[in-house]
Structures are given as structure tokens and as C-alpha cells.
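*Asks:* Quick one, fold the following:
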Amino acid sequence: MVEELTMVNTAVSQGYDNNPYWPGVSLQAGQQEGNRVESYQVTFDAGGKTYSYTPEGATDFSQFEPGSEWLLTVNNFGNIVEMQRK
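*Replies:* Alright, predicted model coming up:
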């Protein structure tokens, strides 16, 4: 007999600061936690336009403190190609 695991629920946490955390998970009998996946996004507001950057992980994300100022180089497609903290 082969037991098959199926996804029952997904737990998600979101925030707008530099304090990422994993959401709480409540498991029922016979359930197990699946793989954890993390993603981060930084949004810059520059002159009425917004630009997004996806850090590679928590360490990269932690340098973008709310309210910090950055110099961005943006290409013709609106993508950030370089950034430097002011």
C-alpha cells in the first residue's frame, strides 16, 4: 500500500517591515508540514513611480530598511539594473 500526500492548506505571512517570520502551522493527526518557501520584495517609490526588487533571501532583504534612500539605475524597460544606498 502506498500512501499519497495531498496539500490541504497553505499558510502565508506578509509584512511591511524588516522582521520576517514563518506563519504558525496547526497540524491535525496524520498531517505533516510540507516544504517552506520564502520570497521577499522591496518596492521603491521614486518621483511618483514605483520600482520593485526581489532580494535573494533574508540577508539581502535586511539591508532595505523602511525609509532608507537608494540611488537606482533603471533601464528603458523600467527594470532596476543597479542600486546604491545613499
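
*Asks:* From now on I want contacts and neighbour counts done on CA atoms only, so please keep to that.
*Replies:* Noted.

*Asks:* hmm, who's touching the helix or strand of the chain with the lowest mean pLDDT?
*Replies:* Least confident helix or strand of the chain, by mean pLDDT, DSSP states H and E, is helix 58-61 with a mean of 91. For helix 58-61, contacts defined as C-alpha atoms under 8 Å, 6 or more residues apart in numbering pick out 18, 20, 40-42, 55.

*Asks:* at 7 Å what do you get?
*Replies:* By C-alpha atoms under 7 Å, 6 or more residues apart in numbering, the residues outside helix 58-61 that reach it are 40, 55.

*Asks:* And stretch 23-37, by the same measure?
*Replies:* So stretch 23-37 is contacted by 11-13 (C-alpha under 7 Å, 6+ apart).

*Asks:* which SS state does the closest residue to residue 66 other than its chain neighbours fall under?
*Replies:* Leaving aside its sequence neighbours, residue 66 sits nearest to residue 17 (C-alpha to C-alpha, 6 or more residues apart in numbering; 6.5 Å). Under the three-state scheme (DSSP: H, G, I helix; E, B strand; the rest coil), residue 17 adopts coil.
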